[in-house]
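>>> Generate coordinates for the sequence data below:
(chains A and B)
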Number of protein chains: 2
Amino acid sequence: MTTAATTLKGQPLDKQVLDSMLRRRLFYTPSFEIYGGVSGLYDYGPPGCALQANIVDLWRKHFILEEDMLEVDCTVLTPHEVLKTSGHVDKFADWMCKDSKSGEIFRADHFVEEILEQRLNGNKEARGHKVDEAAKDDPKKKKKLKGKGQEAVLLEDAVVQEYEETLAQIDNYNGEQLGELIKKFDLRNPATGIQPEPPVAFNLMFGTQIGPSGGLQGYMRPETAQGQFLNFSKLLEFNMQSMPFASASIGKSYRNEISPRAGLLRVREFLMAEIEHFVDPEGGKKHHRFHEVENIELVLLDRDTQLSGKTTPRTLTIGAAVRDRVVDNETLGYFLARIHLFLEKIGVDQTKIRFRQHMANEMAHYATDCWDAELFTSAGWVECVGCADRSAYDLTVHAKKTGAPLIVRQRLETPKVIEEWTVDIDKKKFGPRFKKDAKVVETALLALSQDKLEALSKDLKANGTVTIDVAGVADGKAEVSSDLVAIEFTKRTENVREFTPNVIEPSFGIGRILYSLLEHNYWSRGADGGDEARAVAPTKVLIVPISSKDEFKPIVRGLSQKLRALGVASRVDDSTASIGKRYSRNDELGTPFGVTIDFQTVSDGSVTLRERDSTVQVRASEDKILEAIQALTKGSKTWKDIQAELPAFESQETEIPVR
Amino acid sequence: MTTAATTLKGQPLDKQVLDSMLRRRLFYTPSFEIYGGVSGLYDYGPPGCALQANIVDLWRKHFILEEDMLEVDCTVLTPHEVLKTSGHVDKFADWMCKDSKSGEIFRADHFVEEILEQRLNGNKEARGHKVDEAAKDDPKKKKKLKGKGQEAVLLEDAVVQEYEETLAQIDNYNGEQLGELIKKFDLRNPATGIQPEPPVAFNLMFGTQIGPSGGLQGYMRPETAQGQFLNFSKLLEFNMQSMPFASASIGKSYRNEISPRAGLLRVREFLMAEIEHFVDPEGGKKHHRFHEVENIELVLLDRDTQLSGKTTPRTLTIGAAVRDRVVDNETLGYFLARIHLFLEKIGVDQTKIRFRQHMANEMAHYATDCWDAELFTSAGWVECVGCADRSAYDLTVHAKKTGAPLIVRQRLETPKVIEEWTVDIDKKKFGPRFKKDAKVVETALLALSQDKLEALSKDLKANGTVTIDVAGVADGKAEVSSDLVAIEFTKRTENVREFTPNVIEPSFGIGRILYSLLEHNYWSRGADGGDEARAVAPTKVLIVPISSKDEFKPIVRGLSQKLRALGVASRVDDSTASIGKRYSRNDELGTPFGVTIDFQTVSDGSVTLRERDSTVQVRASEDKILEAIQALTKGSKTWKDIQAELPAFESQETEIPVR
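Residues are numbered from 1 along each chain as shown, chains lettered A, B, ... in the order given. Next up, the predicted model:
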């Protein structure tokens, strides 16, 4: 298992160099930069945009098309009531604390984490230990707070242990606890030397007003899921009442992060791809295609391992993981395997994926099980895909709030005979008798257990009246007579079963995946590896005319059109830079192949084809080269095949002087 | 030219029936409907979503790939300062007026329009004319105000004329003028009988706060253009300083409409596709591919025709239109033709497209020319694509505000020699001499004309001092002596030309195009036409097993996987409805082909292929049918070709009893 970020070839990854290349080549760029920028907002330039489009396209094929999911496109604008019901208005918050002197605002857990880490490093320095320089450069660990920062101060062993224990569970503290830590450890803002104010909850949703009267509070959605839940009944109808099925959505979501400083990994506006798979909670949540994936091996860091303080994951087939109940059920396991296959397909480094199970206190209270697909980057392990079994929570709360029947009605093959004690109330008499208490008395009656009903039935028949406990009425009791109520042992046949489906939710952060993919693939050159990355490379072929003379122009244009007709994305670089320079800047863009048009092309129509990773070139007629490109981009041939088929060519980079 | 909305086959279009079908089949559905919905917000269900994805895909191919545009993906969240500079904070507003009694809020122009139309209709009724029933059903004209509405009241001829003249220019009134009309004509809310309050401006942008301190006011972008302008210099650099070039963006935009009631045609959240083509303002804005489109005929409703009170457009080739200066320049003309070709490609009815030129007072003050591609629907002519020449406005205002050089620097082939009178100021002495007035005096000096400078030069040499007019200093004059300033006739050579590019902006409302396309294509059956619509049909093939018996399941699954491998979107309908019913509901979804698996399939492996518009079926082996489907969806063969190649088959719809 990797412990420090590396390039595709295993060299240490220099994140600053990579980031500067990504910005220079316009993979991404800070939004509104000429206005000073806004933290947490980034634009994608042409290569980032094409890469994103390719990831989305593969996602759509891998999930939506392959699994016949029902794609929906719901609005970002969402009214208050929906997000109140879902729990986001009350609970979708981080803790922030303010420096009353400077007005600076910190995310409380990050603040505690950072000061404690500074002190621990200061202790190491004081003891003459070498402080981990790599950790210093790690952007996640890098000093973010302005001010004096780390000082070489000795700490007692007991204090070191306490700090380390605190850091180990930093994700588990609530606001009050974080406030206590700040006081207990006397944590101060290095810039001003004062303790920040007690943490307060800051809701992460962007609010807005819908309509002109300002009466309708709305938010920009924090996830795409709610729109899918609200359309459940319509989708079930569209699916001709057939279960299970999944909806899926690709779209922007928004979180007003308190202080985003981690580049593409923590942003305020991001593209999500989410699946809501609706499944019958009965019968163990089996999946009819589980057998297709059961032998796939996953790297799993389960809850028990984490609880024992270890971070070494196990490698298990998903079949074994579900059988041993490491993963809760087949459907959840099926999606973990499918997520793994997707990440493999787009070119994520296989040694840098793990699935980490959520601890009980990390999960929402209603969740049955939850795993994150984490990718290893220079910022450590980054959660890129979440996969949770959300039980029936969402459909239940929305149904309860709106009265809409977000349920499945299923005809039973063999009707179900139900024999039980039932209460039959004569409403005409019951209402007038109990007046304003009628509702609570009725509720109390209907809530009685079968045993209690059986006993009451006898009493009622014997005495003509019974007294039951009713919280909320005058003396806590109500007398019910047999002219109002009958309690009988009845038998009925049910032909239809009603149930609220459970939801398995794989949720993808496309931006985080894209960034991790860039780290895993785009930083190295070498003859091996890199093939997977081609699947999503924004441009497949670079066309390089050796000079910008007019005689080359029709050849360039013709080649460009032929590639377009083959569906291969190409780009022309006819700038005046040397061939070598032009190749090198397009190597950085991840363009796997290059075609050079030189003076020989003008005389005999032959062109050269160059592969990025090996920098080897072959030469043949334009038609043969086009054929080769098509085979390479389709994946039907490898570069080795092409090298075997076509004659090698020595590079123009050294042979022919340019300008 | 069409005057009433029709289906593909020319039958009158019943919008209510169409809308109800579109909602039933989940093309679109009101967002948050189980919570009562929010006006102006709609979700797309699976067919709408697939249709949208196909339109976007074709758009990307037709524009971005075909023209090598630079795609960018910028954030929706936009800080105040950017939209203040662009003019949106001050001017992106509609006029609204409020009923002080009921609190109801109206869009002022719509309010005036509607009441006047009611009165005109009332007058017609009073005169015994038949009121146009079709117009009554027209959703654009339909009574939207609750209350008594139209009454049969006679109007004098002069009044009728005044009302009609007012309606003809309803788009041209500002808030004050709309208020005057409400008073002058005594326009009252039918529901309460009172005049609404004077109109006030309502900004259409959704506001929000970015970050935790609430200090940064932001908006959800009303268009995707600004992000593209702000990245201009980076894109120019990415394009290796080569001009002209275009950026493009596909993404959501937001407008807080006052009272949206026109279904998909006026919504608060919508998908836009925008191109910003940057072009040198010198040399007549030629386009190097104009010759490829110059013979394409467009239906043009130009400014002069509209001014003369007519609505009959002319059909002209775009070559002639640019030559005759009906369309301002080649680049603008090139994009009008490309827009036309795109709309044709996705299946818009060719008799229902026109290009309408904006009147001078409709355009932004900086725009040079602007045309809308309008599509005819049941709501009349609907603006679906705008194509404006925005001059250098946007780049200029952002450069001025931020100091960023949003310009092109071009090496001149022949250096330019400039001879002129110049002012040379000795700042060391000039500052101390004029103190706080130094800046204005300097500005006044530098603003002087060449003639004036020549005269002053002589005076200065003769007298050693000159007096110039300076607004803003004590006595409106300043005396400048020759020790502070030299005025000389100088000669210098410029090797580089700097200019701010002009912008041609084609801007597409994808939702409006999608809705118009549905009206133009999805409502009719018939043997002719409809082929174009196939290009964007959400599902290409419906697979229909004749019964849901187990023996059919592996065949269905196998066929479905083979189609997927060919990249053809298919869908299975194995519900218990009759074959005929299943075909008819998928005909409504626009699915062009159907494959039936019947009892014969089980014995000999043959299947039938049915075409939606003709309802004709052919029968052959599965392989042959798959080949035919691939040819049909790729467009390499027509249905007629297939009918000629494969044996016809009589429908199972009548022959074999189902269940």
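>>> ok now do residue A:324, which residues does it touch?
residue A:316 (Cβ atoms under 8 Å, 6 or more residues apart in numbering or on different chains). Quick note: C-beta positions are derived from backbone N, CA and C, even for glycine.
>>> how about a cut-off of 7 Å?
Counting by Cβ atoms under 7 Å, 6 or more residues apart in numbering or on different chains, residue A:324 makes contact with nothing.
>>> Just the pLDDT at it, thanks.
Looking at residue A:324, its pLDDT stands at 95.
>>> same thing with residue A:565?
For residue A:565, pLDDT reads 65.
>>> Then residue A:658?
34.
>>> Repeat that for residue A:137.
pLDDT at residue A:137 comes out at 41.
>>> Repeat that for residue A:113.
pLDDT, read off for residue A:113, is 90.
>>> Repeat that for residue A:150.
According to the model, residue A:150 scores 66 on pLDDT.
>>> What are the buried residues along stretch A:113-120?
For stretch A:113-120, the neighbour count (16 or more other Cβ atoms under 10 Å in any protein chain shown) marks A:113, A:114, A:115, A:116, A:117, A:118, A:119, A:120 as buried.
>>> now residue A:264: how far from chain B?
Separation of residue A:264 from chain B (Cβ to the nearest Cβ, to the nearest Å): 12 Å.
>>> neighbours of the nearest residue to that residue once chain neighbours are set aside, just the number please.
Leaving aside its chain neighbours, residue A:264 sits nearest to residue A:515 (4.2 Å; criterion: Cβ to Cβ, 6 or more residues apart in numbering or on different chains). Using other Cβ atoms under 10 Å in any protein chain shown, residue A:515 is surrounded by 28 other residues.
>>> repeat for the one 5 residues further on
Summarising burial for residue A:520: neighbours were counted as other Cβ under 10 Å, giving 29.
>>> Tell me the pLDDT of it.
86.
>>> Where does it sit, in terms of helix or strand?
helix A:510-521 (DSSP states H and E).
>>> re the thing from before, would you reformat the buried residues of stretch A:113-120 as JSON lines and include distance to chain B?
Compiled in JSON lines, the buried residues of stretch A:113-120 are given as follows (distance: Cβ to the nearest Cβ, whole Å):
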{"residue": "A:113", "distance to chain B": "18"}
{"residue": "A:114", "distance to chain B": "17"}
{"residue": "A:115", "distance to chain B": "19"}
{"residue": "A:116", "distance to chain B": "22"}
{"residue": "A:117", "distance to chain B": "23"}
{"residue": "A:118", "distance to chain B": "23"}
{"residue": "A:119", "distance to chain B": "26"}
{"residue": "A:120", "distance to chain B": "28"}
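>>> From these, which land in helices?
A:113, A:114, A:115, A:116, A:117, A:118, A:119, A:120 (DSSP state H).
>>> Packing partners of the helix or strand encompassing residue A:561?
If you go by DSSP H and E, residue A:561 is part of helix A:553-565. Under the contact criterion of 3 or more Cβ pairs under 7 Å, 6 or more residues apart in numbering or on different chains; DSSP states H and E, helix A:553-565 touches strand A:541-545, strand A:570-572, strand A:593-597.
>>> Against which helices or strands is the last one packed?
Contacts of strand A:593-597 with other secondary structure elements, assessed using 3+ Cβ pairs under 7 Å, 6+ apart, are made with strand A:541-545, helix A:553-565, helix A:579-588, strand A:606-611, helix A:622-634.
>>> tally of neighbours for residue A:64?
24.
>>> scratch that, residue A:555 is what I was asking about
17.
>>> Would you mind stating the distance between it and residue A:543?
For residue A:555, the distance to residue A:543 equals 9 Å [Cβ to Cβ, to the nearest Å].
>>> phi, psi of residue A:174?
Torsion angles at residue A:174 (phi, psi; degrees, to the nearest 10) stand at phi -90, psi -180.
>>> So, low pLDDT: which residues of chain A?
For chain A, the stretches with pLDDT under 70 are A:1-3, A:8-9, A:130-150, A:522-536, A:565, A:567, A:651-659.
>>> Domains in it, by residue range?
Domains of chain A are assigned by the TED database as A:15-74+A:221-394+A:503-511, A:93-144+A:152-203, A:416-494, A:539-645.
>>> Start and end of the first one, how far apart?
This means domain A:15-74+A:221-394+A:503-511. 17 Å (Cα to Cα, to the nearest Å).
>>> before we move on, what about the shortest one?
Start-to-end span of domain A:416-494 (Cα to Cα) is 5 Å.
>>> where's it relative to the chain centroid, distance-wise?
Computed by Cα atoms, centre = their mean, to the nearest Å, the separation of domain A:416-494 from the middle of its chain amounts to 50 Å.
>>> Next: the longest one.
Put simply, domain A:15-74+A:221-394+A:503-511 sits 4 Å off its chain's centre (Cα atoms, centre = their mean).
>>> The residue in the stretch 401-550 of chain A positioned nearest to chain B - how many residues pack around it?
The nearest approach of the stretch 401-550 of chain A to chain B comes at residue A:404, 3.9 Å away (Cβ to the nearest Cβ). Other residues near residue A:404 come to 16 when the count uses other Cβ under 10 Å.
>>> What segments of the stretch 351-500 of chain A are strands?
A:353-357, A:369-377, A:380-389, A:408-425, A:465-469, A:477-481, A:485-499 (DSSP state E, counting those that start in this stretch).
>>> Buried residues, stretch A:371-387. List them.
Within stretch A:371-387, the residues scored as buried using 16+ other Cβ under 10 Å are A:371-379, A:381-382, A:384-387.
>>> Which pair of those residues spans the longest distance?
Spanning the widest gap among these are A:378 and A:387, at 24.3 Å by Cβ to Cβ.
>>> Next, residue A:222: secondary structure please.
Put simply, residue A:222 is coil when judged by DSSP: H, G, I helix; E, B strand; the rest coil.
>>> Just to check, it is in contact with residue A:255?
Yes: between residue A:222 and residue A:255 there is a contact under Cβ atoms under 7 Å: 5.5 Å.
>>> Need the overlap of contacts for these two.
Counting by Cβ under 7 Å, 6+ apart, the residues touching both residue A:222 and residue A:255 are residue A:204.
>>> where does the stretch 201-350 of chain A come near chain B, residue by residue?
With Cβ under 7 Å from any Cβ of the partner chain as the criterion, the stretch 201-350 of chain A meets chain B at residues A:202, A:206-208, A:210-213, A:216, A:227, A:230-231, A:234, A:238, A:240, A:252, A:256, A:258, A:268-269.
>>> Now, of the residues you listed, which are buried?
If we count by 16+ other Cβ under 10 Å, those have these buried: A:202, A:206-208, A:210-212, A:216, A:227, A:230-231, A:234, A:238, A:252, A:256, A:258, A:268-269.
>>> Let's see which of those residues end up in helices.
Short answer: those in helices (DSSP H) are A:227, A:230, A:234, A:238.
>>> now the residue nearest to the first one when sequence neighbours are not counted: how far from residue A:82?
Going back to what we said before, that points to residue A:227. Spatial nearest neighbour of residue A:227, excluding adjacent residues (Cβ to Cβ, 6+ apart): residue A:74 at 2.6 Å. Distance of residue A:74 to residue A:82, computed by Cβ to Cβ: 11 Å.
>>> Compare these two (neighbour count), which wins?
Shown here are residue A:74 and residue A:82; by other Cβ under 10 Å, residue A:74 has more neighbours (28 against 25).
>>> show me what contacts the more buried one?
A:224, A:227, A:228, A:249, B:31, B:43.
>>> which residues touch the second one?
This points to residue A:227. Residue A:227 neighbours (Cβ under 7 Å, 6+ apart): A:72, A:74, A:75, A:249, B:31, B:43.
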